[in-house]
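>>> Everything below, folded, please.
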Amino acid sequence: MKILNTVRQAQEYVLQRRMQSHTVGLVPTMGALHDGHLSLVAMSRSRCDDSIATIFVNPTQFAPGEDLDKYPRTLERDLEKLTNAGCDAVFIPSTDEMYPPGSSTMVVPPKVALPLEGKFRPEHFRGVATVVLKLFQILPASHAFFGQKDFQQLRVIETMVDDLNVPIEIVSCPIVREADGLAMSSRNRYLNVDERQRSLCLSQALAEVEAAFKGGQREVKTLTEILHRHLPPAANTNTVDRVDYAVIVDSQSLKPIERIESSAVTLLAAHVGTTRLIDNCILRFE
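Residues are numbered from 1 along each chain as shown. Prediction:
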């Protein structure tokens with residue numbers, strides 16, 4: 001696996017392969033890799049001739065007081081995992097390489113960034129859109145692979161690519177869950193044993209909504225009531241400490257709907273101890 005540290009190295013690596021008519025899959029990460037990330041690499045390898053991952057903890061998507069400084073950094077282990085997964089290359093830039101001194105251009109994200117995470121983390125998607133567009137410029141891949149767990153982020157990136165005519169195909173990959181149902185996340189390692197157990201109410205709530213939908217329920221009001229059964233204040237024990245949002249919305253616009261006519265998504269964000277977790281489930285007709 002080739003390790004690339006500079007923008008020039010990364011651009012040359014990808015452009016050489018594209019000139020050879022190779023398809024190139026890009027897997028952007030912030031490191032602290034788990035099986036969810038590796039599933040993106042596996043998907044890339046199944047779809048593309050070459051696969052390249054990135055490891056960069058992007059400072060512009062963290063607000064003051066968030067976990068930028070303590071975000072897990074496990075570079076040696078990450079490189080071992082990527083090598084074992086068959087990744088062809090990894091781009092590991094410094095902050096100054098990605099944001100040279102004096103850099104001031106930022107991307108205004110699309111409207112789909114405004115609700116939900118946009119209300120609770122108002123600068124987050126500005127940083128996400130900026131770093132992802134920069135990665136698309138540095139690594140002009142044919143495909144980019146993103147996990148469904150960060151569903152609103154996925155929609156922001158898809159919309160940005162469409163709006164700005166970026167010549168790359170965005171591939172959405174399914175959520176990978178632990179055996180107990182918890183969605184895999186680099187932040188799961190923050191949870192102690194009790195918090196880990198209490199966090200399972202999120203996947204349980206999503207599973208009940210999905211079961212009701214598959215059973216024929218289409219009214220969002222009823223499905224939302226089912227969703228909240230596992231969440232405070234309805235469930236006041238063995239659950240999360242605080243819910244930022246728990247909603248069912250249109251899966252494209254993320255706007256509220258009254259009835260599911262085509263495709264919707266259930267979205268959750270909650271705090272367990274000092275850890276903020278997100279999860280979701282797409283509700284679509286089969």
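>>> which residues sit against the longest helix seen in the chain?
Assignment by DSSP state H gives helix 193-214 as the longest helix of the chain. If you take CB atoms under 8 Å, 6 or more residues apart in numbering as the criterion, helix 193-214 is touched by 177, 180-183, 188, 191, 222-223, 226-231, 235, 238-240, 246, 248, 260, 266, 268, 270, 272-273, 275, 277, 279-281, 283. Backbone N, C-alpha and C define where each C-beta goes, glycine included.
>>> The same query, at a cut-off of 6 Å, please.
With contact meaning CB atoms under 6 Å, 6 or more residues apart in numbering, helix 193-214 is reached by 180-181, 223, 226-227, 230, 238-239, 266, 268, 272-273, 277, 279, 281, 283.
>>> In it, which residues are buried?
195-196, 198-206, 208-210, 212-213 (16 or more other CB atoms under 10 Å).
>>> quick one, what contacts the residue nearest to M106 when sequence neighbours are not counted?
Nearest residue to M106, sequence neighbours excluded (CB to CB, 6 or more residues apart in numbering): T130, at 5.0 Å. Applying CB under 6 Å, 6+ apart to T130 gives the contacts 60, 106-107.
>>> Just the buried residues of those residues.
For the contacts of T130, buried by 16+ other CB under 10 Å: 60, 107.
>>> Give me the subset of the contacts of T130 that lies in strands.
Among the contacts of T130, none falls in strands (DSSP state E).
>>> In JSON lines, list the contacts of T130 along with pLDDT.
Output for these, formatted as JSON lines (pLDDT from 0 to 100):
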{"residue": "T60", "pLDDT": "97"}
{"residue": "M106", "pLDDT": "98"}
{"residue": "V107", "pLDDT": "98"}
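>>> any idea which of the contacts of T130 is closest to E76?
T60 (25.6 Å; CB to CB).
>>> Hmm, that closest one is touching V128, no?
No: the criterion here is CB atoms under 6 Å, and T60 misses it with V128 at 8.3 Å.
>>> Helices along the stretch 1-150 of the chain, start to end?
7-19, 35-47, 75-84, 95-98, 117-120, 124-138 (DSSP state H, counting those that start in this stretch).
>>> tell me which element the closest residue to A246 other than its chain neighbours is part of?
Closest residue to A246 apart from its sequence neighbours, by CB to CB, 6+ apart: L268 at 5.1 Å. When elements are assigned from DSSP states H and E, L268 belongs to strand 263-272.
>>> how about the helices in the stretch 151-286 of the chain?
151-163, 193-214, 220-228.
>>> In TSV: those, plus mean pLDDT and distance to G118.
As requested, the helices of the stretch 151-286 of the chain are arranged in TSV below (pLDDT from 0 to 100; distance: least, CB to CB, whole Å):
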stretch	mean pLDDT	distance to G118
helix 151-163	98	8
helix 193-214	97	20
helix 220-228	98	20
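>>> Tell me who's in contact with S263.
S263 touches 251, 284, counting by CB under 6 Å, 6+ apart.
>>> How much space separates it from I92?
The gap separating S263 from I92 is 37 Å, by CB to CB, to the nearest Å.
>>> re the thing from before, in the strand holding L268, what's buried?
Neighbour-count burial for strand 263-272 [16+ other CB under 10 Å]: 264-270, 272.
>>> hmm, which two among those are most spread apart?
The widest separation within the buried residues of strand 263-272 (CB to CB) is 25.3 Å, between A264 and V272.
>>> What is the neighbour count of the closest residue to I157 other than its chain neighbours?
Nearest residue to I157, sequence neighbours excluded (CB to CB, 6+ apart): V132, at 5.6 Å. A total of 27 residues lie near V132 under the criterion other CB atoms under 10 Å.
>>> One more: the one 4 residues further on?
The number of residues packed around F136, counting by other CB under 10 Å, is 21.
>>> re earlier: L38 is nearest to which of the helices of the stretch 151-286 of the chain?
helix 151-163 (18.1 Å).
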